[in-house]
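In: Below is the sequence, then the predicted model.
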Amino acid sequence: MAAAMKSGSGLVQLHLLLATPLPSMNTLFNPYNRNHFELPTPPKEFGQDGGKFYRYYDELAEGMDQDMVAGLRDRLDGLIIFAGLFAGVNTAFLALTLPLMSPDPADDTNVLLRDNNAILLNIALGRNDSLPSPRALPSETFSPTGRILTVNILFSVSLIFTVISSFLAVLGRSSLVYYRKRPGGGPDRQRWEQLKRSLGAERWQLEWVLDDFLPCLLEFGLIIFGISLTMYLHTLHPTLSNAVGSFLCAGLAIIIITAIFAALDKFCPFQSPLSHLISWITALAYEVVVLLVYSLPRLIFKLFQVFFEAFLLFVGSLCGIVQYWFGHRLDVTQPWEGISSFAKKDLLDISFPRFFISLENFAAKVLKGDKPGDEDAILQITAIRRVICTSADATAHMHCISNIFPITEPAILNLLWADDQFRSRLWDLCGKSYGSTLQVLGRHRGDLAMAIAWLYRAAVAHIIL
């Protein structure tokens with residue numbers, strides 16, 4: 001009876017649960033829901049808005065760091081596994097080719113046995129006067145052929161590239177562990193410390209090194225291994241070498257062609273470290289060509305000025321010698337008078353923009369980030385830029401915009417406005433804020449939509465003015 005009552009009550013609860021309407025998607029995920037949305041008030045100090053901005057930022061930063069670390073960790077795991085297997089294959093071939101670099105003891109044994117048999121045969125026949133003269137052993141005159149030497153060098157270089165890439169991958173995993181390690185202190189210290197680590201990872205190209213550089217080392221090692229394998233097979237049989245070499249060339253051609261297509265089209269799905277390398281080399285070559293086009297005429301003109309000044313100095317010295325030799329002063333107007341001394345300027349003073357960077361500039365741009373102002377203020381505008389440029393949450397945008405007003409230092413605001421991505425994104429949000437609010441909340445909430453639009457406009461005016 002009791003069991004029946006419990007069963008009946010359970011059915012009633014289940015019926016009530018099913019009869020209760022579920023909240024709509026707009027209620028759950030709509031950032032402009034009138035039941036919980038409030039227009040934020042700009043705080044007096046950055047972040048002093050009840051922790052709302054920091055809550056949105058922490059969630060966004062945690063997601064970004066987790067995605068980057070998880071992706072890099074998966075790629076490094078695959079790279080380490082492949083590098084270990086490839087190193088084993090390479091070592092097996094080295095075990096076959098390295099003995100060819102030293103003489104075979106069996107050759108010396110065969111020569112000695114042949115000479116011994118010849119001596120015994122002459123003694124048995126009574127020809128003591130015709131004993132064979134001693135000859136040099138093969139080990140004494142041995143030297144490896146050039147092809148075998150090249151094959152071993154290539155196999156060794158390929159193995160070195162593989163070992164270096166796997167070792168750096170292990171170090172990269174250690175770097176990711178340090179990157180995700182939480183520092184001590186309160187939430188504010190942890191937040192800014194993690195942001196500093198993120199900026200340091202961007203400044204020192206951590207993602208590029210782990211995602212592009214290490215796979216490129218492994219790819220170069222694989223290409224070198226294919227070349228050395230083809231050369232080694234050629235020492236065994238040319239036909240076997242040609243067959244294997246043709247397939248290797250076809251595979252290499254496919255890899256290069258797909259990398260070129262991926263470099264030309266950034267939305268191509270066949271992106272690889274080689275395509276990124278091709279894009280980087282192309283951009284660098286373009287900058288060098290532009291630099292030469294703009295700087296070479298100036299350099300030639302400077303050199304002409306220097307040589308012309310040197311020629312005038314030579315002519316003047318020669319005229320002085322002639323005057324001294326003949327003992328009277330020649331009434332000759334010196335051709336070098338009135339001409340600016342071009343030779344006084346050193347050739348090293350010729351400027352090469354974006355080509356030579358002094359040690360101070362390097363330290364400012366790489367070690368310190370080359371950003372003026374207070375470090376805390378720089379971290380604050382970095383957090384603002386992250387939320388504006390990355391988040392798709394309108395509420396997060398609202399609280400982020402309201403925290404721009406406490407920043408009053410012109411250098412910091414100029415640094416924020418100088419970012420093209422942030423400026424474009426802010427203009428886009430400013431132009432669409434009124435219409436998007438009306439679409440979500442309805443035409444009867446025009447007052448709220450106008451207030452949101454004016455909040456964006458006031459933030460833009462605060463940054464610019």
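Out: Right, received. Where do you want to start? Numbering: from 1, shown residues only.

In: average model confidence for the helix or strand containing Tyr456?
Out: Using DSSP states H and E, the element containing Tyr456 is helix 446-464. Per-residue pLDDT over helix 446-464 has a mean of 84.

In: What of stretch 110-126?
Out: The model assigns stretch 110-126 a mean pLDDT of 75.

In: Would you mind writing the CA trace of the helix holding Tyr456 as PDB?
Out: Only the C-alpha atoms of helix 446-464 are listed here, as PDB (Å, rounded to 0.1, in the frame of the first residue of the first chain):
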ATOM      1  CA  GLY A 446      12.900  53.100 -27.400                       C
ATOM      2  CA  ASP A 447      14.100  55.000 -24.300                       C
ATOM      3  CA  LEU A 448      16.300  52.100 -23.300                       C
ATOM      4  CA  ALA A 449      17.600  51.700 -26.900                       C
ATOM      5  CA  MET A 450      18.500  55.400 -27.000                       C
ATOM      6  CA  ALA A 451      20.200  55.300 -23.600                       C
ATOM      7  CA  ILE A 452      22.400  52.400 -24.900                       C
ATOM      8  CA  ALA A 453      23.200  54.200 -28.100                       C
ATOM      9  CA  TRP A 454      24.200  57.300 -26.100                       C
ATOM     10  CA  LEU A 455      26.400  55.200 -23.800                       C
ATOM     11  CA  TYR A 456      28.400  54.000 -26.800                       C
ATOM     12  CA  ARG A 457      28.600  57.500 -28.300                       C
ATOM     13  CA  ALA A 458      29.800  58.900 -25.000                       C
ATOM     14  CA  ALA A 459      32.500  56.200 -24.700                       C
ATOM     15  CA  VAL A 460      33.700  57.100 -28.200                       C
ATOM     16  CA  ALA A 461      33.800  60.800 -27.400                       C
ATOM     17  CA  HIS A 462      35.600  60.100 -24.100                       C
ATOM     18  CA  ILE A 463      38.300  58.200 -26.000                       C
ATOM     19  CA  ILE A 464      38.700  60.700 -28.800                       C
END
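
In: Centre of the chain to the helix or strand Lys196 falls within, how far?
Out: Assessed by DSSP H and E, Lys196 sits inside helix 187-203. Distance of helix 187-203 from the chain centroid (CA atoms, centre = their mean, to the nearest Å) equals 19 Å.

In: Give me the contact list for that helix.
Out: 54, 57-58, 61, 64-65, 179, 182-183, 185, 206-207, 366, 369, 376, 379, 382-383 (CB atoms under 8 Å, 6 or more residues apart in numbering). For glycine as for every other residue, the C-beta is placed from the backbone atoms N, C-alpha and C.

In: hmm, 7 Å instead?
Out: Contacting residues not belonging to helix 187-203 are listed as 54, 58, 61, 65, 179, 182-183, 207, 366, 369, 379, 382-383 [CB atoms under 7 Å, 6 or more residues apart in numbering].

In: Looking at those residues, which one is closest to Leu415?
Out: Nearest to Leu415, judged by CB to CB, of the contacts of helix 187-203 is Thr382 at 9.7 Å.

In: Pull the number of nearby residues for the closest one.
Out: By other CB atoms under 10 Å, 19 other residues sit near Thr382.

In: Any stretches of the chain with poor pLDDT?
Out: Low-confidence segments of the chain, defined by pLDDT under 70: 1-38, 127-134, 320-373, 440-445.
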